[in-house]
Each structure stands twice: as C-alpha cells, then as structure tokens.
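**Student:** With the input below, show me the fold.
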Amino acid sequence: MLNEIVKRLGELEMVKATALSGSKTSEINDASSDWDIYIYSDERVPVEERRRIFSELMEKCRIDCSPFEEGDECTDSTGAVYDIMYRTLEWTEWQVDDVWRKHNARVGYTTCFLYNIKTSEILLDKDGWFRKLQDEVSGDYPEKLRENIISKNMDVIDGEGESTFLIQATLADKRNDIVSENHRLSAILASAFDALFAYNRVLHPGEKKLMKYAHLLCKELPPSFDNNIENAIRSVGTESYIPELKKLIASFEEFLGQSY
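**Tutor:** Residues are numbered from 1 along each chain as shown. Prediction:
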C-alpha cells in the first residue's frame, strides 16, 4: 500500500517529494506505530484530489483532519493506519532556515522538525531537493544554535524573569491547582529535554519515549536523571511537588554548567 500511495500522489505535478518518517523510521519503534508519510509540494495539494485518491485505496478515510499539520488519516483493509501530512516547500525551507541556519531557539522541541527531516526515508524526490535538505541538517550541529537553545530554555525554566516555569509551578501549588501543576511540570520537562539534546549536539527526537531516547542518543546525562524525573512526576499534587521540581532543575543546571 505504501508504494501505491507514493505512486498516486507522485502523479500530481505539484508534489515534489514524499518521505516516510515518525516511529517507523526511528531507532525505537513498536508494532503499534502508524505509517507517517510526509508529502512536500510546490503548493497545497487540493483536498478534492486527496479524497479521490484515498477513497479508491483505503477502507476508511478522514480527509483534512490533522490538528497539528494539514493531513489525512486513512486505514487500509488490513487495519494499518496511515497518517499523511502535507508540507509546502516554502514552509519547509523557512523552518530549516529559521532554526538551522539562523540559530533561533524555541521553548521546547526546537530541533524536532530537523530530526524529522534527517531521519526520513525518502520515497520520492523528483529533483533532489529533499536529499539536499536532508544532507544539510545531517551536518555538524551549529554551536550558536546549541548555545541559544540551552540559554533560552533554562532561562524560561528558572531564570531571572518574573514568570518562569518554576514560579508558575509554585503559584499553582499554593492554589492547589493540580491541572496547572501538571502543565507546568510538562513545560519544565519539555524545555529541560530541549536543552539536554542540544547540550549533547543531537537533534530532538520528539515528544514520545524521551527518556529512552535520552539514554540512546546522549553521551552525557544529568546526575540521577531517571530518578529525578520520575520523582517529579509522582510528586504532582503532593507536598513534595516544589522540592522535587527544584531538585530536578538543579540537576540540569549543575549538569549544563558553563553552557548555561
């Protein structure tokens, strides 16, 4: 079915490249992983064309349904699920330019898009554009980007600002707001992992299986890495919430040292 999807979409003139990425091409995958197929085109692939193609190929389809990127979700006769996502060349180039070339950091998950590009399996590449982009983001990790990611994310966790994640977590604790406590912990972890992968000069693999990926990809980890994260997660809604968050944050600050 994968080959048929690539063939049918590749017949559209605006489609320039197709790639398989996500869990199927990661170093950690399992039988429950969907097929994540990315379509790169000069312009938006019309919904009508997508509906026509997938109604002929699939048992069940939800067209134009993705909440994160424009995409379709389809299931074939065997029960296999395909997430087909659409990206324009212009938007893709902007993402790479903003982060990889201009070294702009974000709050959490800065280099996830680059990791997605780097680890993709190319299925179609009409003029070599995708291979060129993939080769670029597979090069040496830019030191300025590394510095900016660590600085931005550690500052928002517990820097000099008046609304750091730790301050927000403390307010949530005082209000007994367990939903906000969870939200602030998630934000702290997102930024901490962003800084961790940057410190180790590896691209961020995404939001799933992060502790496994940290052990797999990173040469160095903070002291008591697993225990501090697990204890912080278990502390939500308890009296140990803020002490455990501070212990977790301190371990990352100590680990990052001069890089922060």
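
**Student:** For the residue nearest the centre of the chain, what are phi and psi?
**Tutor:** In the chain, the C-alpha nearest the mean C-alpha coordinate belongs to Gly206, at 3.1 Å (Cα atoms, centre = their mean). Backbone geometry at Gly206, expressed as degrees, to the nearest 10, gives phi 110, psi -170.

**Student:** could you check the distance from it over to Phe113?
**Tutor:** 10 Å (Cβ to Cβ, to the nearest Å). Any C-beta I mention is one placed from the backbone N, CA and C, and that applies to glycine too.

**Student:** For stretch 196-206, list every residue counted as buried.
**Tutor:** Leu196, Phe197, Ala198, Tyr199, Val202, Leu203, His204, Pro205, Gly206 (16 or more other Cβ atoms under 10 Å).

**Student:** hang on, I meant stretch 74-90
**Tutor:** Across stretch 74-90, burial judged by 16+ other Cβ under 10 Å covers Cys74, Asp76, Tyr82, Asp83, Ile84, Met85, Tyr86, Arg87, Thr88, Leu89.

**Student:** ok, and what's touching that stretch?
**Tutor:** 1-2, 5, 9, 16, 22, 34-45, 50, 54, 57-62, 66, 69-73, 129 (Cβ atoms under 8 Å, 6 or more residues apart in numbering).

**Student:** Which ones among those lie within strands?
**Tutor:** Per DSSP state E, strands hold the following members of the contacts of stretch 74-90: 16, 35-41, 60-62, 71-73.

**Student:** Just the buried subset of those, please.
**Tutor:** Counted by 16+ other Cβ under 10 Å, the ones in strands among the contacts of stretch 74-90 give Lys16, Trp35, Asp36, Ile37, Tyr38, Ile39, Tyr40, Ser41, Cys61, Gly71, Asp72, Glu73 as buried.

**Student:** of those residues, the lowest pLDDT goes to which?
**Tutor:** Sorting these by pLDDT puts Trp35 at the bottom of the list (91).
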